[in-house]
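J.: After the sequence you'll find the predicted model.
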Amino acid sequence: MSSFINGLMRFRRGAWEMLATILIALGVFMLMQPFWMLAFTYSFIVTLVGTVMFIIVSHFPE
Amino acid sequence: MSGNPIDRIAQATPPGVAKRVRGLSDRAIAWLFVGPSVVLLLAVNIFPLIWTINLSFTNFKANRNRDVDYIGLRNYERILTDSDTWLSMQATAHFLFWTIFFQVLIGFALAYLINKKFKGNDLWTTIIVLPMMLSPAVVGNFWTFLYQPQIGLFNYVVQFFTGIDASSFSMIGSVSLAPWSIVIVDTWMWTPFVMLICLAGLRSIPDSIYEAAECDRASKWRQFWTLTVPMVLPFLMLAVLFRGIENFKMFDLVVQLTGGGPGSITTLTSIDLKREAFEKWRTGYASAYAVILFVTVFGLASIYVKALNKVKER
């Protein structure tokens, strides 16, 4: 966990890609889950932030 | 005349063209070759995407000749608070998850069997891949006949194995069975595709690895889990990626089979999107819908490609 936070602080690709991946996965789950309408409403913004973040951070150093 | 074909082609170039090309740098020549593809890509992919994003912020209707107003994020707000859209997302999730699950499971099992050498191997491979060569519209159409409660073969097969009366249930008319009816047909049609990809993966594993494992007295079970599965995994992931993207935009098969019904239980997002765009003519709204689907598929594909690269690096 500390290496993950350290990677985030030092703008390392691995940690930021992991964060972006979690956001995308969470957004897609929120979009397609049948339990909570509010999660569906905010799903797109979560996926969009994750996807844009993924594109940007994939250019960070290893 | 020189015998070398390259010299002959060079000599065949008209002098005017040769003179013009000779003056170009390598970079310019490279752009000359790549240029048409880039222009085509911009015209066919990038421009429509930007135009769709632009339309998604408007109240544009393609069948009305009137002024277009920019309405900000209102289309997105409407879509993301609409319970019907939410239901179609759930129907898509159900369809995606189960089709991919069954196709991978059955496709891998078939590939594993076909990879074993036996008599009639090639004939069986041909028979198995036949469904994926058919048109989805045709498949949808003839499965509606197979699913007919009175005359359909499917119901009689179910009756034969389970004893349930063939005319007592309707696969495409029942709210609880209709989602499964489209899963069954898509699995029937596209499992051969997954099988072929898995077969390519299985045939790429050298026999020497298994021979080494035999020397180390590894059991068949252990060989399967520690050699076969990890080496086929990149191929399997590729198959899942292809099928995931394809099924996310599945349209023709489901329209022919159930038309999105009964009610809206099998209305997948692509069907919903088409109705918004070309039946209700809410072009701006449909554009926003398309952008949401695009971002979702793009995000998923990004994660997936990253995972695929990691597996290949191992």
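T.: Yep, it's here.

J.: which parts of chain A sit against chain B?
T.: A:17, A:21, A:24-25, A:27-28, A:31-34, A:37, A:40-44, A:47-48, A:50-51, A:54-55 (CB under 8 Å from any CB of the partner chain). Glycine gets a C-beta too; all of them are placed from N, C-alpha and C.

J.: Around chain A, pick out the residues from the stretch 151-300 of chain B.
T.: Neighbours of chain A within the stretch 151-300 of chain B, by CB under 8 Å from any CB: B:292, B:295, B:296, B:298, B:299, B:300.

J.: do that again at 10 Å, thanks
T.: B:269, B:288, B:291, B:292, B:293, B:294, B:295, B:296, B:297, B:298, B:299, B:300 (CB under 10 Å from any CB of the partner chain).

J.: Would you mark the buried spots in whichever strand or helix holds the third one?
T.: Remark: residue B:291 resides in helix B:283-313, with elements defined by DSSP states H and E. Of the residues in helix B:283-313, those scored as buried under the neighbour-count criterion (16 or more other CB atoms under 10 Å in any protein chain shown) are B:283-293, B:295-304, B:306, B:308.

J.: just stretch B:240-249 next, same as before
T.: Counting neighbours by 16+ other CB under 10 Å, the buried set in stretch B:240-249 is B:240, B:241, B:243, B:244, B:247, B:248.

J.: what's it in contact with?
T.: For stretch B:240-249, contacts defined as CB atoms under 10 Å, 6 or more residues apart in numbering or on different chains pick out B:92-93, B:95-101, B:103-104, B:107, B:183, B:186, B:190-191, B:193-194, B:197, B:250, B:253-254, B:268-270, B:273, B:293, B:296-298, B:300-301, B:304-305, B:307-308.

J.: In the chain, which helix is the longest?
T.: No chain was given, so I picked chain A. Ordering each helix of chain A by length in residues (DSSP state H) puts helix A:13-32 first.

J.: let's do chain B instead
T.: The longest helix of chain B (DSSP H) is helix B:83-115.

J.: Now do the contacts for whatever residue of the stretch 51-200 of chain B ends up closest to chain A.
T.: Scanning the stretch 51-200 of chain B for the residue nearest chain A gives residue B:93, at 3.6 Å (criterion: CB to the nearest CB). Each residue near residue B:93 by CB under 10 Å, 6+ apart is listed here: A:28, A:29, A:31, A:32, A:33, A:34, B:248, B:268, B:269.

J.: Buried among those? Make that a ChimeraX selection.
T.: With 16+ other CB under 10 Å as the criterion, this ChimeraX line picks the buried residues out of the contacts of residue B:93:
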select /A:28,31,32,33 /B:248,268,269
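
J.: Of all the contacts of residue B:93, the one with the weakest confidence?
T.: When the contacts of residue B:93 are sorted by pLDDT, the bottom entry is residue B:248 at 87.

J.: Thought residue B:133 was touching residue B:127, still the case?
T.: No: counting by CB atoms under 10 Å, residue B:127 stays clear of residue B:133, with 11.3 Å between them.

J.: can you list residues touching both of those two?
T.: Going by CB under 10 Å, 6+ apart, residues that sit against residue B:127 and also against residue B:133 are residue B:192.

J.: quick one: whichever strand or helix holds residue B:142 to chain centroid distance?
T.: Using DSSP H and E, residue B:142 maps to helix B:136-146. Distance of helix B:136-146 from the chain centroid (CA atoms, centre = their mean, to the nearest Å) equals 19 Å.

J.: Identify all contacting residues around it.
T.: If you take CB under 10 Å, 6+ apart as the criterion, helix B:136-146 is touched by B:131-132, B:134-135, B:151-157, B:171-172, B:181-182, B:184-186, B:188-190, B:250-259.

J.: What pLDDT is listed against residue 15?
T.: Picking chain A for this. pLDDT, residue A:15: 85.

J.: ah, I was thinking of chain B
T.: We have a pLDDT of 71 for residue B:15.

J.: I'd like to know how many residues surround residue B:61.
T.: By other CB atoms under 10 Å in any protein chain shown, the residues close to residue B:61 number 16.

J.: Looks like it contacts residue B:68 (just checking).
T.: Yes: taking contacts as CB under 10 Å, residue B:61 lies within contact range of residue B:68: 8.7 Å.

J.: Worst mean pLDDT across the helices and strands of chain B, which element?
T.: Least confident helix or strand of chain B, by mean pLDDT, DSSP states H and E, is helix B:15-22 with a mean of 67.

J.: Chain A too?
T.: helix A:2-9 (a mean of 78).

J.: Show me which residues of it are buried.
T.: residue A:7.

J.: got the CA positions of it in CSV?
T.: Taking Å, rounded to 0.1, in the frame of the first residue of the first chain, the C-alpha atoms of helix A:2-9 are listed here in CSV:
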residue,chain,number,x,y,z
SER,A,2,2.8,2.4,0.9
SER,A,3,4.6,1.7,-2.4
PHE,A,4,1.3,2.5,-4.2
ILE,A,5,0.9,5.8,-2.4
ASN,A,6,4.6,6.5,-3.0
GLY,A,7,4.1,5.9,-6.7
LEU,A,8,1.1,8.3,-6.8
MET,A,9,3.2,11.0,-5.1
